[in-house]
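**Student:** any chance you could fold what I've pasted below:
(one chain, ligands or ions: 1)
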Amino acid sequence: MSDISQSAIANLEKAGLGDILYKPEQKPYEERIASYWSLTAQLKPWAIIQPRTTKEVSKTLETLVNTTDCNFAIRSGGHMAWAGSNNIEAGITIDLGLMTTTTYNPETKIASIQPGSRWADVYTELEKHGVMVAGGREGLVGVGGLLTGGGKTFYTCRYGFACDQVINYEVVLADGSVVEANRETNPDLFLVLKGGSNNFGIVTRFDMTTFNARNIWDGNITFPKSATDTLVEAFVDFTKNLALNPDDHILAMWTILSQTKDHFITMVLTNLDGVENSKSLQKFLTAPGGQGNMTTTTVAKKLVDFLVPSGKHDTWFTLTFKLDARIIKKAAEVFESLASELKRQIPDGNFYISMVLQPLPTSFSRHSVARGGNMFGIERLQDDCVLLVAAVEVETPEISSQVGFPALKAAIAEIKSYARSLNSDIEFLYLNYCDGSQNPFSTYGKENIKKMKEAAAKYDPTGVFQTRVPGGFKISKV
Ligand SMILES: Cc1cc2nc3c(=O)[nH]c(=O)nc-3n(C[C@H](O)[C@H](O)[C@H](O)COP(=O)(O)OP(=O)(O)OC[C@H]3O[C@@H](n4cnc5c(N)ncnc54)[C@H](O)[C@@H]3O)c2cc1C
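**Tutor:** Numbering: from 1, shown residues only. Purely as a prediction, here's the structure:
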């Protein structure tokens, strides 16, 4: 053990936090490491501390900041896949996984949500009160990371991003003080937290606006790859008309399971009001070869059942381009070549790749601006766009770093280069889908970069969240 690790652990114990501090040989430590979604993120810190209250977060932060040269990480749901985003090797991990309460105030219609909550639990609690918030779309994704990074939701077509629905943040700053950030109090901090990630403080409570919960009509329809052209045309058409049909939501997912050599496309279709066979989903519902299971359900019920399998070594990359059928078809071709390349380089064929396309029409940013705006800067975009996120999952860290990572990076570069050749590449990189080698903040626009830098200097004058919390995306690196 290094001197710094010994001092950090001794100082946390001296501060009375010993009962929530876990060291490598202890069972809760191993369980919390295993609960990271990706094996890639399962680094082994010196110790994990699990505060139960805002006061304990404050005391933890103060103690770690006062321990000379001790670095630390912040983790909520632990779903960000890249190593070091939410965890640390040489340091302490502050794990918010015990702060999981969701409460609803019927008078104000505000939901107060703690960062360690998982979205399935948030929705299950809120549906008891007949209300809903716009949050994550997978049951185990955490609240803290998704909301501080932005949050693409089922309801983005109606209300903008998840962070646009936050009306107040409770934040622990680097000096241990606890502040509120909303339109009236600390408005500059309020704004930069909408997409600015872990650069300003640790958010210990998100107050979100709610709306009435309704049944949804939802399901997955799976198509053979021969349906590509039909689905691409339908995707373009849907995205162009999304502002007129904000009750429908789609995800288009290309998947290759190498062991079975299957290549298929899954359309995840949702009508947010429970309307069956809605007009704007027709082209997907009637496309040839589709097999699916549309059903009436609720968001909470869907998410309790919908969990993306974890426990692999993952690489994620994202890209944005203008809505153009040619680029989507090119992306599908590149995806096919990526699979061939991985099959060649991974002889046991043990890998999984997926590429998800989502509409990013200009109406999304109009909803954000109407709610006060966020850090993305996508209101600058004049055209409807497509948000692409692709992932490669493999069995070992070596295959991941030597094969999965470079192959996926090259595939994304190829799609970008094709988009550029059509004058249709867009610089925007959505933070929550980025690999650690991408630099989302550099794409958020000069004004927003300035606002984030100024807020970081004002609320964290000694630069704790830039230097002592090295993980995640840093505004100082722009
Ligand atoms: C299966 C799956 C499905 C997904 N679905 C969606 C989706 O529908 N929409 C979408 O937008 N994204 C989605 N994502 C991406 C997801 O938003 C990010 O991975 C997000 O970071 C997850 O939140 P988390 O709480 O688990 O974050 P963590 O991995 O715990 O943390 C991520 C980052 O946020 C920082 N952070 C976490 N909590 C706090 C806090 N309280 N205060 C300050 N900083 C904090 C961490 O330091 C870290 O840098 C998905 C990811 C996966 C793996």
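**Student:** surely residue 5 is within a strand?
**Tutor:** No. Counting by DSSP: H, G, I helix; E, B strand; the rest coil, residue 5 is not found in a strand; it is helix.
**Student:** and for it, nearest residue in space, chain neighbours not counted?
**Tutor:** The shortest distance from residue 5 to any non-neighbouring residue, by Cβ to Cβ, 6 or more residues apart in numbering, is to residue 46 (4.0 Å). (C-beta placed from N, C-alpha, C; glycine too.)
**Student:** wait, that neighbour sits on residue 9?
**Tutor:** Yes. Using Cβ atoms under 8 Å, residue 46 is in contact with residue 9, at 6.8 Å.
**Student:** can you list residues touching both of those two?
**Tutor:** 23, 92 (Cβ atoms under 8 Å, 6 or more residues apart in numbering).
**Student:** one step back: distance of the residue nearest to residue 5 from residue 7?
**Tutor:** 10 Å (Cβ to Cβ, to the nearest Å).
**Student:** between the two, which is the more surrounded one?
**Tutor:** Using other Cβ atoms under 10 Å, the more surrounded residue of residue 46 and residue 7 is residue 46, with 22 against 16.
**Student:** got a list of what the more buried one touches?
**Tutor:** Residues near residue 46 by Cβ under 8 Å, 6+ apart: 1, 5, 8, 9, 23, 90, 91, 92.
**Student:** now, of those, which are buried?
**Tutor:** Buried by 16 or more other Cβ atoms under 10 Å: 5, 8, 9, 91, 92, out of those.
**Student:** filter the residues you listed down to the ones in helices?
**Tutor:** 5, 8, 9 (DSSP state H).
**Student:** spit out the contact partners of the last one.
**Tutor:** Going by Cβ under 8 Å, 6+ apart, residue 9 touches 21, 23, 46, 47, 92.
**Student:** likewise for the first one?
**Tutor:** Counting by Cβ under 8 Å, 6+ apart, residue 5 makes contact with 46, 47, 70, 90.
**Student:** per-residue pLDDT, the first one?
**Tutor:** Okay, so that is residue 46. You'll see residue 46 listed with a pLDDT of 98.
**Student:** going forward, begin numbering at 435 instead of 1
**Tutor:** Sounds good: first residue 435 from here, last item residue 480.
**Student:** quick one: which of the contacts of residue 443 is nearest the ligand?
**Tutor:** residue 526 (13.0 Å; Cβ to the nearest ligand atom).
**Student:** would you confirm that the closest one contacts residue 441?
**Tutor:** No. Between residue 526 and residue 441 there is no contact under Cβ under 8 Å: 10.9 Å.
**Student:** next one: residue 577 relative to residue 480, how far apart?
**Tutor:** For residue 577, the distance to residue 480 - Cβ to Cβ - is 26 Å.
**Student:** actually residue 521, not the one I typed
**Tutor:** Residue 521 is 12 Å from residue 480, where distance means Cβ to Cβ.
**Student:** ditto for residue 576
**Tutor:** Between residue 576 and residue 480 the distance, using Cβ to Cβ, works out to 22 Å.
**Student:** could you find the closest non-adjacent residue to the residue in the stretch 685-834 of the chain that the ligand sits nearest to?
**Tutor:** Proximity of the stretch 685-834 of the chain to the ligand (Cβ to the nearest ligand atom) peaks at residue 742, 3.6 Å away. Nearest non-adjacent residue to residue 742, counting by Cβ to Cβ, 6+ apart: residue 572, 5.5 Å away.
**Student:** burial count for that neighbour?
**Tutor:** 17.
**Student:** so which helix or strand takes in it?
**Tutor:** In the assignment (DSSP states H and E), residue 572 maps to no helix and no strand.
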